[in-house]
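Participant: whatever this is, show me its structure:
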Amino acid sequence: DIYRARFGQSAPGKALEQNALFRLASMTKPITAAAIIKQIERGLLSLDDPLEKFIPAYGTMEIGRMREDGQLEIVGKAQRKITILHLLTHASGIGCEPLTAYVEGLYTPERESDLYSVTQTYADYPLSFEPGTEQAYSGRVGFDLLARVVELTADMPYDEYLRQEIFTPLCMEDATFTPSEAQ
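Facilitator: Next comes the predicted model:
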């Protein structure tokens, strides 16, 4: 027998339903990491691969800092390449503090229509530090880049890959990036 219970509310005054759906938010990071590991196991990439192997726009990156007057200052070119491991461990320097507010100000809907477009946009962002020298949480950018690497190595859209390779085998039928009307 399986113990089934639910606690709490889905909205004020509304009991949580047995099949309630929840937004995963940052729980997508371990799902993306699992997808990367599957691609590594298949021999399609390695932790040490530079990001530019898959997305050439990341061949030359700059390091920036915010001046006291709130303006961005480029302090030089990165000497190390961003690797898959750097992205997985939040050690890439991209999309993180202390430049988070600056890069979030660059997001625009028209530049974010798909992973190709958004990851091309991110290539224009300065790094907060030399890759591999520090760690800082990359709430969005680093794992978007990893998702794009999955697309490229699997030769299929990221959401389709997740459905086929992770969600369906784990019986996670309702896991999706775009909920249906029924959901």
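
Participant: contacts for whichever strand or helix holds residue 32 next, please.
Facilitator: Element membership of residue 32, judged by DSSP states H and E, is helix 28-41. Residues lying outside helix 28-41 but in contact with it, judged by Cβ atoms under 8 Å, 6 or more residues apart in numbering, are 24, 45-47, 84, 88, 143, 146-147, 149-150, 153-154, 158, 161-162, 165-166. No exception for glycine: its C-beta is placed from N, CA and C like everyone else's.

Participant: that helix: how far from the chain's middle?
Facilitator: Helix 28-41 sits 11 Å away from the centroid of its parent chain (Cα atoms, centre = their mean, to the nearest Å).

Participant: going forward, count from 82.
Facilitator: Let's use 82 as the start, then, which means that last one is helix 109-122.

Participant: buried ones in it?
Facilitator: Buried positions in helix 109-122, judged by neighbour count with 16 or more other Cβ atoms under 10 Å: 109, 110, 112, 113, 116, 117, 119, 120.

Participant: who touches the residue nearest the centre of the chain in this structure?
Facilitator: For the chain, the residue lying nearest the average C-alpha position, counting by Cα atoms, centre = their mean, turns out to be residue 224 (1.7 Å). Residues in contact with residue 224 (Cβ under 8 Å, 6+ apart) are 109, 110, 113, 168.

Participant: same thing but at 10 Å, please
Facilitator: With contacts defined as Cβ atoms under 10 Å, 6 or more residues apart in numbering, residue 224 is in contact with 107, 109, 110, 111, 112, 113, 114, 117, 168, 169, 171, 176.

Participant: ok, these vs residue 96, which is closest?
Facilitator: Out of those, the one with the shortest distance to residue 96 is residue 107. That distance is 26.4 Å, counting by Cβ to Cβ.

Participant: kindly state the pLDDT recorded for the closest one?
Facilitator: At residue 107, the predicted lDDT confidence score is 80.

Participant: what about it, neighbour count?
Facilitator: Taking other Cβ atoms under 10 Å as the neighbour definition, residue 107 ends up with a count of 10.

Participant: just residue 99 next, same as before
Facilitator: Residues contacting residue 99 under the criterion other Cβ under 10 Å number 8.

Participant: wait, doesn't it sit right on residue 85?
Facilitator: Yes. With contact defined as Cβ atoms under 10 Å, residue 99 reaches residue 85; the gap is 7.1 Å.

Participant: now the helices: where do they sit in this structure?
Facilitator: Secondary structure of the chain (DSSP state H): helices at 109-122, 165-169, 181-185, 196-203, 222-235, 239-243.

Participant: list the buried residues for the lowest-mean-pLDDT helix or strand in the chain?
Facilitator: Ranked by mean pLDDT, DSSP states H and E, the weakest helix or strand in the chain is helix 181-185, scoring a mean of 79. Using 16+ other Cβ under 10 Å as the burial criterion, the residues of helix 181-185 that qualify are 181, 183, 184.
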